[in-house]
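Participant: make a model of this:
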Amino acid sequence: MSDKPPVEPPGSEITSERLYLRRRDFLRNAGLFTGTAAAVAGGLYLLTRKQRRFMDAYVPDAGAVTGPVVKAKGAFDTDEPRTPYEDVTTYNNFYELGLDKEDPARLAHYLKPRPWTVTVDGEVHEPKTVDIDQLLSWFTMEERVYRMRCVEAWSMVIPWLGFPLAALLSRVKPTSHARYVTFTTLMDPEQLPGQQRPVLDWPYLEGLRLDEAMHPLTFMAMGLYGKQLPAQNGAPLRLVVPWKYGFKGGKSIVRISLTRTMPLTTWNMAAPHEYGFYANVNPAVTHPRWSQATERRIGDFERRPTLPFNGYGEQVAHLYAGMDLRENF
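Facilitator: The predicted model follows:
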């Protein structure tokens, strides 16, 4: 990683929405964009009339999550203003449903979140394959209001509904050999038309160390804003790890496996010099093509400083005591 101080773009260099630099630029034009130009990867996004019409056309009102829901303020909730539902559901990275930010909502109707099963296996004493609605019945849904920081340098604040991943892993009883957790997402090019293009090595894979997975902040989301999780946001089940960049949050998960060794992860395989296994939010570690020192909250005009561990350092920094976070990025 470079030790050079981050360079922030002048306002005159902020590009239009259609010209935003995104991670797909790596896939199409690897190496073409460096320094200041790529620092605007997550530039200004405002909900326009066009985008409101888009919302009306492609994002039907999702039904409420059935069963008991706890919405009391949690110990880790942020008081920052929530990103509007319209933005959360129409500004998405979900390459399985297309490369443009609007593609996932536009193509979401292809993804059918029922019927759906999730397998939890590997280094566990009691492996399970469970129907998604049975899984829903196992846990009281909690609301967690978390910051979400994308590696592209934009961010949101989202009220998720779900349950701690630790509660699910405790049910299958990890063996003494379990060290890591692998998350495998749906592989079905008919439901996920983006998989018809070899932009990544499908299916999408992500992973955590077991202690990260068991941390109270680590969350399995089945809804947001009190409603069922929309397809473009990873229905019916996605991972949320708020101190890590958003690409760690695998969407439409079908398998969770506990392993002895560090698993392969999709973006780390695609570009290991840009996307590390840990993906902890770290403003001091500059992405090779843009600074991570600041971010732009969706809907805001001004950039803000990026917080170490996305503001959750008090809760999670101890997990990385003694580690070189530049090397283990």
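
Participant: ok but P216 is inside a helix, no?
Facilitator: No - with DSSP: H, G, I helix; E, B strand; the rest coil as the criterion, P216 is coil rather than part of a helix.

Participant: what's the closest non-adjacent residue to it?
Facilitator: Sequence neighbours aside, P164 is the residue nearest to P216 in space, at 6.1 Å (criterion: C-beta to C-beta, 6 or more residues apart in numbering). For the C-beta atoms, the positions are set from N, CA and C on the backbone; glycine is no exception.

Participant: what about that neighbour, neighbour count?
Facilitator: 19 (other C-beta atoms under 10 Å).

Participant: and the pLDDT at it?
Facilitator: With respect to pLDDT, P164 has a value of 97.

Participant: next: T36.
Facilitator: pLDDT, T36: 38.

Participant: tell me what the residue nearest to P216 is bridged to.
Facilitator: F219 (DSSP bridges).

Participant: list the contacts of it.
Facilitator: Residues near P164 by C-beta atoms under 8 Å, 6 or more residues apart in numbering: 142, 216, 218-220.

Participant: now do L169
Facilitator: Taking C-beta under 8 Å, 6+ apart as the test, what L169 contacts is 120, 124, 181, 213-214, 256, 258.

Participant: now with 7 Å, please.
Facilitator: 213-214 (C-beta atoms under 7 Å, 6 or more residues apart in numbering).

Participant: that one should be in a helix, yeah?
Facilitator: Yes - counting by three-state DSSP, L169 is part of a helix.

Participant: begin at 50 from now on, thanks
Facilitator: Fine by me, first position is 50 from now on; the one you just mentioned is L218.

Participant: please tell me the pLDDT value assigned to the closest residue to S301 other than its chain neighbours.
Facilitator: Leaving aside its sequence neighbours, S301 sits nearest to L235 (C-beta to C-beta, 6+ apart; 4.5 Å). At L235, the model reports a pLDDT of 98.

Participant: quickly note the distance from L235 to L286.
Facilitator: Per C-beta to C-beta, to the nearest Å, L235 is found 10 Å from L286.

Participant: out of the two, which sits in the more crowded spot?
Facilitator: For L235 versus L286, neighbours defined as other C-beta under 10 Å are more numerous around L286 (25 against 22).

Participant: quickly note the distance from the more buried one to H226.
Facilitator: 25 Å.

Participant: mind checking which of the contacts of P213 are buried?
Facilitator: Of all the contacts of P213 considered here, the ones buried according to neighbour count by 16 or more other C-beta atoms under 10 Å are 191, 267-269.

Participant: widest-spaced pair of those?
Facilitator: Pairwise distances across those peak at 12.5 Å for E191 and T267 (criterion: C-beta to C-beta).

Participant: list the buried residues of stretch 160-178.
Facilitator: Result for stretch 160-178 [16+ other C-beta under 10 Å]: buried residues 160, 162, 165, 167, 169, 171-173, 177.

Participant: among the residues you listed, name the ones in strands.
Facilitator: 167, 169, 171, 177 (DSSP state E).

Participant: now the last one: how far from T267?
Facilitator: When distance is defined by C-beta to C-beta, K177 is 19 Å away from T267.

Participant: can you map out the helices along the chain?
Facilitator: In the chain, the segments counted as helices under DSSP state H are 73-78, 84-87, 98-107, 134-137, 152-156, 181-187, 214-221, 259-262, 315-319, 362-365.

Participant: which one of the ones you listed has the poorest average confidence?
Facilitator: Among these, helix 84-87 carries the lowest mean pLDDT (a mean of 40).
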